[in-house]
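K.L.:
Attaching a predicted model along with its sequence, questions to come.
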Amino acid sequence: MNPQWSRRHVLDTDDWSRAEIETVLDQSRAMVEVLSRPIRRAPALRGRTVILFFAEASTRTRVSFELAAKALSADVTNITATGSSLEKGESLYDTARTLEALGGDVLVMRHASSGAPYFVARRTSAAVINAGDGTHAHPSQGLLDAFTLREALGDLEGKRIAIVGDILHSRVARSDIHTLVPLGARITLSGPPTLVPAAWRCGQPPSGVTYEPDVDRALDGADAAIVLRLQRERQQAGLLPSLREYSRVWGIDVGRMGRMRAGAPVMHPGPMNEGVEIDAAVAHGSRSLIEKQVTNGVAVRMALLYLLAAGSAALLEDRA
Amino acid sequence: MRRALARIGHEIVERDRDLSRLAIVGIRARGDALAARLCETIRANEGVEIPLGAIDITLYRDDLTRVGYAPVVRESAIPFSVDDRVLVLVDDVLFTGRTIRAAMDALVDYGRPRAIRLAVLVDRGHRELPIRADFVGKNVPTAIDDDVRVHLVEVDGRDEVELFKAEVPV
Amino acid sequence: MSFDRRPFEARGLLVVPGFIDLHAHLREPGFEESETIATGARAALRGGFTTVCAMPNTEPAIDAPGLVAQVVARAASAAGARVLPIAAITSGRRGAELCDLVELAAAGAVAFSDDGAPVSDAGLFRHALEYSRIAGALIVEHPQDLSLSAKGVMHEGSVSAELGLAGMPAAAEEAAVARDLALVKLAGARLHLTHLSTAGSVELVRRAKAEGVAVTCDVTPHHLSLTDEWVAGSRTFAWERAERNRAMPYDANTKVNPPLRSRADVRALWAGIADGTVDAIATDHAPHASIRKEVEFDQAAFGISGLETALPLVLGGVRAGWASWDAVLAALTTGPARVLGVPPPKEDWIVIDADAEWTLDGEALISKGKNTPLLGAKLTGRVVEVAVDGDLKLNEGHAAEAVGAR
C-alpha cells in the first residue's frame, strides 16, 4: 500500500501536498537506478496500455513518455495531431470518446488549450497525465525540475531559485512554482513586465514567489536559475520591442551566471534559443543541468506511470 | 538469530571456496539488513570483503494488479557487475517463493550470474513455485493462514521472530 | 380570470409585480437549437419575468422593420411572457452604418443595441446617440474595449494567471464606459449601459449621475453572485464564507462576457443596487446548445442561461444584507420600466416562495439552454405562480411541469 499516493490523474500539481511531491521524487530515484542497469526495463506495467495523445507538436516530451512507458514494459500507442481525425476537425469531445473506446490504462495528453486534460479526464475512464495544456501546467516537467534540483542542491528548504523569461505564457514556470514552493524553496520570477501576469506583478504573486524585473538583482546570490524559452511570436504580438533587446536585458550569459552563488546550476526545459535567452557557453557549460533534466525526465515519468497504472484501478478511489 | 546467521555465513563460505566470485544481495526490505550482517560475519571470520548489494523487487511482483495503490518502490543498489558471479540472495522469510522468483527476474536484468543461491532466516513452507533455499536459519512449519514476522534492529528496533497462529473458526 | 393575491399571502408567500428583464437572448431567428422565442418566453415566466426584452443578435440580426414584426408575431403565439423586441443600432450589427431607428421603433422596437458587440467606432456611436435623441429611441450599449480584451476568455486576475487562460481586464469595460459617458455628455442624449460587471464601472456611473448625465445601467444576477473563482472550480457564492465542495476547473458553463469578476467587484455591484446607482437587474440570458459549450474552454461560446435562476441568486445577496429586498424588487420591476420609459403592467403578478429549497436539474429547465454553472446546485427561493394580465400562467399548460409538488 502506498499511503502517500491516491490520485487518479496527474493534471496539475497545484494542490499536491509536500508528501505527495516527495513520494514522486523518491520513486523517481528508484527509477533512475532501473535506467542505469544493463537491461533498462522492469515488468511492472506489462499488459498495460499507455496512449500518447499529442495534439500539440512535441518530440522530446513525447519520446520521454514513450521511453518511460516502455521501460516499464507497457504497450504504447501514439496519436498525434497530424494525419489524425483531430486535424480533420474532429471535436475534442469526439476524440475523448474515441480514446475511451480504444481503452488505454493511461492517457498521456498534450493540447494547446488550457484545461483540455480536465475535459478529457471527465469523459474517459483511463488515468490521465497532462503532458502540457496551453499555458496552464506541465506537471511532469515541474516534478523533474524539482527532482533535478534536489539531486544537485540537496534539501531545497530556503533555497532561492530564479525563473527567468516569458512567465506569462509558461506552463513550465507555473508547474515549477507548484513543486518547488511546497518543498521549501523561494522563487524569484524575472523577465519583461509585459510577459508576467499582471496580478503577479502588482503585489498578488502566489505564496513563496516574488517578481524582480531586474534580472541581475534576481540572480544575485540565487542558488539556481531556470531559463525559459522566448518565443518569436511574442515579439510579433507587440509584447516585446525586439529579441536583441531581450537578450541584452534578460539573456543569461556567463557574466550573469557569476552573480549567482558559486557553482549554482542553470536549467532550461528546452528547446533552447541559443543566443536569445541563454548563451551557448552557459547551455553547454559545466554548471548546466540541461542534459540531466532530460535523463531525469524519463525516470520521473516512469514514476508517474507506475503510481497511476501499477495498482488496480478498480480498487482506487476516484480522486483527481 | 545471531547463531543462525553465523552458521549460514560458515555454510556459504564452505560451499563456495572461491570467495572472489561471491557476492551477497539482500531483498529489500529486511533481506538487505540480513545480507549486510552476513557480509560482516564473513569479513570477521575470513577477513574477506564480499561485495554487497540490495535489490527491490516491487517492480517485478506478479500480484501488482491485486493491490489498490501502487506499492512503494525502493531504490535497488548493485554496485558491482553480476556477470559470472555466484550471487547469494538473502531474505528473511521464505514462503510461497514468489518473492524469490521476482528477485531472480530482477537480477537477470543486471547481467548473467554464474549461479544464484538462496539464504533465508526462516523457511515456513507452502511453496507455490519450484524454489528451495540453499541455506536455512530455521525451518518453522506453519499453517497457510499463519503469519511469520521477522523484526530486525536495523528496521524495527529489535531482533525477534514472531509466529502468529491463525484463529481456527469454531 | 382575475388574479387574487389573498390565498397566496395567507400561505406566507410573497406576491409582487412581475419582473421585467431588459436583456435576454431568445436566439430566434437563426439559432433555434439554442432557444426559440416560445421556449424563452416560457422560461422567462418560470423565472418570474412577465416581460422580457429580446436582443437582436440573431441570424439575421433584427435590423429591419419586417424582422421586428416577425419577433412580435412569434411572441404573441408563444403563450409565455410578453416579449419586447430590441433592434440593432447598426446594420447587421456590423458597426458601420446606422439603422433606420425611427422606422424600427414604429415597427415595435422598444430599444436599440448591437449587444454581443460594442459600437467600437466612437464617431459612429456619437452619431447614434445624437440621432437617438431626435428619434426618442433608447440606446443600450455593451461596453467593451475589444483591443484591451483581445483574446480574453475570463476575468484577468490571479485566477486567470493560475489557470493559464487569457484574461479580460476590468479596464477593458471601464475604458469603454468612460468613453460612452463622455459621448453621452457630448451628444446630450440618454444611454443605458448593460451588464456592468466591475467596481470601477459602477463608480464611473455613480459620478456621472451626480453630474446629471442621463445614463442608466443594469447588472446580471450571475455578476451579483458568482466570482472568477468559479472558473477554477469554486462553487462558493460571493457572500458565503464556508467553502462548498469544488467542481472540476475549466467548466465552460462559467464562461461569460463580461466575465465573472472578483468578490470585490460583486460587492460593489450590490452597493450600486443599494444606493440606486444601478437601475435594473437584467439576466443577459444567453442559452447555448451543448455543442457550443462541450468544447475546450477557450473555444466555448460565451453565455450563461439565466432566466430561471435569477431569483434565488439575488435573494442570496438580500439575505447577506448587501441590499434590501425593496431595492432588489425595484431593480426588477419599476427600475427597468423607468429605463424603457413605460409604466409597469398593472396586472402582471408573481408569487414567490422565498424559502423554498430546490436543486437545479438541467432536465427540468424550460429553456433549451442548460448552460449554467448552477447545475446540481441547491438554491433557495422560487416562483410558484405567475399571472400575466391577470391570467394565471403556471398552473395551466406545460410551464407547470417544472414547478413540482408544493
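P.N.:
Happy to help now that I have it.
K.L.:
ok, whatever residue of the stretch 201-320 of chain A ends up closest to chain C - contacts?
P.N.:
Closest residue of the stretch 201-320 of chain A to chain C, Cβ to the nearest Cβ: A:Gln204 (5.1 Å). Quick note: C-beta positions are derived from backbone N, CA and C, even for glycine. Taking Cβ atoms under 8 Å, 6 or more residues apart in numbering or on different chains as the criterion, A:Gln204 is in contact with C:Ser158.
K.L.:
Regarding it, what is its secondary structure?
P.N.:
coil (DSSP: H, G, I helix; E, B strand; the rest coil).
K.L.:
same check, this time on C:Phe3
P.N.:
coil.
K.L.:
any idea how far C:Leu394 is from it?
P.N.:
Separation of C:Phe3 from C:Leu394 (Cβ to Cβ, to the nearest Å): 12 Å.
K.L.:
what do you get for C:Pro29?
P.N.:
In terms of Cβ to Cβ, C:Pro29 sits 28 Å off from C:Leu394.
K.L.:
These two: which is more packed in?
P.N.:
C:Leu394 (21 against 17; other Cβ atoms under 10 Å in any protein chain shown).
K.L.:
Could you look up the SS state of the more buried one?
P.N.:
Recorded secondary structure, C:Leu394: coil (three-state DSSP).
K.L.:
Is it correct that it is in contact with C:Arg382?
P.N.:
No. Counting by Cβ atoms under 8 Å, C:Leu394 does not reach C:Arg382; the two are 10.8 Å apart.
K.L.:
what bits of chain B have low per-residue confidence?
P.N.:
B:68, B:168-170 (pLDDT under 70).
K.L.:
Local confidence estimate at A:Ser288?
P.N.:
On pLDDT, A:Ser288 comes in at 96.
K.L.:
do C:Arg93 as well
P.N.:
Reported pLDDT for C:Arg93: 95.
K.L.:
Next one: it from chain A, what distance?
P.N.:
Using Cβ to the nearest Cβ, to the nearest Å, C:Arg93 is found at 27 Å from chain A.
K.L.:
Near that residue, how many other residues are there?
P.N.:
By other Cβ under 10 Å, neighbour count at C:Arg93 equals 23.
K.L.:
who's in contact with it?
P.N.:
With Cβ under 8 Å, 6+ apart, C:Arg93 has these contacts: C:56-57, C:61, C:63, C:114, C:116-117.
K.L.:
What ranges does chain C have for its strands?
P.N.:
C:14-17, C:19-24, C:49-54, C:82-87, C:111-112, C:139-141, C:154-155, C:167-168, C:191-193, C:215-219, C:280-281, C:349-359, C:378-388, C:391-392 (DSSP state E).
K.L.:
Throw these into a markdown table and include mean neighbour count, mean pLDDT and distance to B:Ala33, thanks.
P.N.:
A markdown table is the format used below for the strands of chain C (neighbours: other Cβ atoms under 10 Å in any protein chain shown; pLDDT from 0 to 100; distance: least, Cβ to Cβ, whole Å):
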| stretch | mean neighbour count | mean pLDDT | distance to B:Ala33 |
| --- | --- | --- | --- |
| strand C:14-17 | 18 | 95 | 76 |
| strand C:19-24 | 30 | 98 | 74 |
| strand C:49-54 | 28 | 97 | 76 |
| strand C:82-87 | 24 | 96 | 81 |
| strand C:111-112 | 28 | 97 | 83 |
| strand C:139-141 | 27 | 97 | 78 |
| strand C:154-155 | 26 | 98 | 56 |
| strand C:167-168 | 26 | 98 | 57 |
| strand C:191-193 | 25 | 98 | 76 |
| strand C:215-219 | 26 | 98 | 70 |
| strand C:280-281 | 28 | 98 | 72 |
| strand C:349-359 | 18 | 95 | 58 |
| strand C:378-388 | 21 | 94 | 56 |
| strand C:391-392 | 15 | 86 | 84 |
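K.L.:
which stretch among the ones you listed comes nearest A:Arg160?
P.N.:
strand C:167-168 (28.8 Å; Cβ to Cβ).
K.L.:
could you say what helices and strands the closest one packs with?
P.N.:
The contact analysis (3 or more Cβ pairs under 8 Å, 6 or more residues apart in numbering or on different chains; DSSP states H and E) places strand C:167-168 against strand C:154-155.
K.L.:
List the strands paired with the strand it packs on, with their directions.
P.N.:
Looking at strand C:154-155 with DSSP bridges, its partner strands are strand C:167-168 (parallel).
K.L.:
What lies in contact with the strand it pairs with?
P.N.:
Here strand C:167-168 has contacts from A:198, C:144, C:148-150, C:152-157, C:160-161, C:257-259, using Cβ under 8 Å, 6+ apart.
K.L.:
which residue ranges form the helices in the stretch 101-250 of chain C?
P.N.:
C:101-107, C:122-135, C:146-149, C:158-163, C:170-187, C:199-210 (DSSP state H, counting those that start in this stretch).
K.L.:
looking at those helices, which is buried most?
P.N.:
helix C:158-163 (a mean of 24; mean count of other Cβ atoms under 10 Å in any protein chain shown).
K.L.:
which other residues reach that one?
P.N.:
A:14, A:114-115, A:136, A:174, A:197-200, A:204, A:206, C:152, C:154, C:166-167, C:228-229, C:231-232, C:249-250.
K.L.:
try it again with 7 Å
P.N.:
A:14, A:114, A:136, A:197, A:199-200, A:204, C:154, C:167, C:228-229, C:231-232, C:249 (Cβ atoms under 7 Å, 6 or more residues apart in numbering or on different chains).
K.L.:
Export the strands of chain C to TSV and append columns for distance to B:Thr99.
P.N.:
Listed next are the strands of chain C as TSV, based on distance: least, Cβ to Cβ, whole Å:
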stretch	distance to B:Thr99
strand C:14-17	73
strand C:19-24	69
strand C:49-54	71
strand C:82-87	76
strand C:111-112	80
strand C:139-141	75
strand C:154-155	53
strand C:167-168	55
strand C:191-193	74
strand C:215-219	68
strand C:280-281	70
strand C:349-359	53
strand C:378-388	52
strand C:391-392	78
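K.L.:
Of these, which is nearest C:Val295?
P.N.:
Of all these, strand C:154-155 sits nearest to C:Val295, with 15.3 Å by Cβ to Cβ.
K.L.:
roughly how far out does that closest one sit from the chain middle?
P.N.:
Its chain's C-alpha centre and that of strand C:154-155 lie 18 Å apart, by Cα atoms, centre = their mean, to the nearest Å.
K.L.:
repeat for stretch C:350-360
P.N.:
That offset, for stretch C:350-360, works out to 20 Å (Cα atoms, centre = their mean).
K.L.:
Please apply the same query to stretch C:357-371.
P.N.:
For stretch C:357-371, the distance to the chain centre is 17 Å (Cα atoms, centre = their mean).
K.L.:
now check that stretch, is it near chain A?
P.N.:
No. Looking at stretch C:357-371 against chain A by Cβ under 7 Å from any Cβ of the partner chain, there are no contacts, and the closest approach is 14.7 Å.
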